[in-house]
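Visitor: make a model of this:
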Amino acid sequence: MKHMGTSRMETGRLLLRRFTMEDAALMYKNWASDDNVTKYLTWPTHADVSVTRSVLEHWLSEYHEPDFYNWCIELKEIGEPIGNLSVVSHDDKTASAALGWCIGARWWSRGIMPEAGKAVLQYLFQEVGFNRIIAGHDVENRRSGRVMQKLGMIQEGTFRASGRNNRGVVDMVMYSILREDYEKTYADTMQLTWRRKS
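Guide: Numbering: from 1, shown residues only. Model prediction:
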């Protein structure tokens, strides 16, 4: 394992970068204030932009840690942050990590999260050295499940009453991808997913 922190990356449509305090107003507007976005999440809809600023202050204080991974997803065509993708937990003993993400409702079903996710998978497997990456979704949140499938993740099962989000205690569908799965799935495109942005 070689933890490298939240490195700046670029894909065809996206800039994946660290958050700044200047993102507060647009983060609040584009997703954090929307009950439709937070319905299946573990944190509540932000009541006002001061809550968003507080969250960002906490994130910014963590960026000095080499094992803190939290990307702002900026859509290049509008130059605005539209969501985030992060490692919500990791275990160095098993070289495993869990991903979590959210994106503003206006950008759902446009292939944006799979595009960001492929870049992050490549970074975490090839650069950092993780061997297993997992993600889970509320059984009712099938949209998130489709993202996991598009990332080449394999469904491991449904764990009853194993998660808690804004709907309460829920059944969780769990997916995973191993480095060997990733290498087979992306063998022809492993060098094309993203490029480091200095």
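Visitor: which SS state does Ile82 fall under?
Guide: Three-state call for Ile82 (DSSP: H, G, I helix; E, B strand; the rest coil): strand.
Visitor: hmm, Ile112 and it touching each other?
Guide: Yes - in this structure, Ile82 is within contact of Ile112 by Cβ atoms under 8 Å, at 7.3 Å. C-betas here are computed from N, CA, C, even on glycine.
Visitor: now for these two: what residues contact both?
Guide: 73, 75, 103 (Cβ atoms under 8 Å, 6 or more residues apart in numbering).
Visitor: please point out which parts of whichever helix in the chain runs longest sit buried.
Guide: When the chain is parsed with DSSP state H, its longest helix is helix 49-62. For helix 49-62, the neighbour count (16 or more other Cβ atoms under 10 Å) marks 49, 51-53, 55-56, 59 as buried.
Visitor: do the same with stretch 123-134
Guide: Neighbour-count burial for stretch 123-134, counted by 16+ other Cβ under 10 Å, picks out 123-126, 128, 130, 132-134.
Visitor: part of a helix, is Leu26?
Guide: Yes - counting by three-state DSSP, Leu26 is found in a helix.
Visitor: tell me the spacing between it and Asp91.
Guide: Leu26 sits 33 Å away from Asp91, taking Cβ to Cβ, to the nearest Å as the criterion.
Visitor: show me where pLDDT drops low in the chain?
Guide: Applying pLDDT under 70 to the chain flags residues 187-198.
Visitor: just want the most central residue of it.
Guide: Centrality entry for the chain: nearest residue to the mean C-alpha point is Leu85, 2.2 Å, by Cα atoms, centre = their mean.
Visitor: hang on, the earlier thing: who has more neighbours out of Leu26 and Asp91?
Guide: The residue with more neighbours, out of Leu26 and Asp91, is Leu26; 20 against 11, by other Cβ atoms under 10 Å.
Visitor: strands of this protein, start to end?
Guide: Ranges of strands in the chain, per DSSP state E, are 9-10, 14-17, 70-75, 80-91, 96-103, 132-138, 154-165, 168-178, 195-196.
Visitor: which of those sits most buried?
Guide: strand 70-75 (a mean of 23; mean count of other Cβ atoms under 10 Å).
Visitor: what's the angle between that one and strand 96-103?
Guide: With axes from the mean of the first three to the mean of the last three Cα atoms, to 10 degrees applied, the angle from strand 70-75 to strand 96-103 works out at 40 degrees.
Visitor: using CSV, please lay out the shared contacts of Ile82 and Ile112 together with distance to Arg18.
Guide: Converted to CSV, these look like this (distance: Cβ to Cβ, whole Å):
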residue, distance to Arg18
Ile73, 12
Leu75, 16
Ile103, 17
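Visitor: re earlier: which one of the buried residues of helix 49-62 is nearest to Asp171?
Guide: Closest approach to Asp171 among those (Cβ to Cβ): Val55, at 27.5 Å.
Visitor: quick one, what contacts the closest one?
Guide: By Cβ under 8 Å, 6+ apart, the residues touching Val55 are 32, 46.
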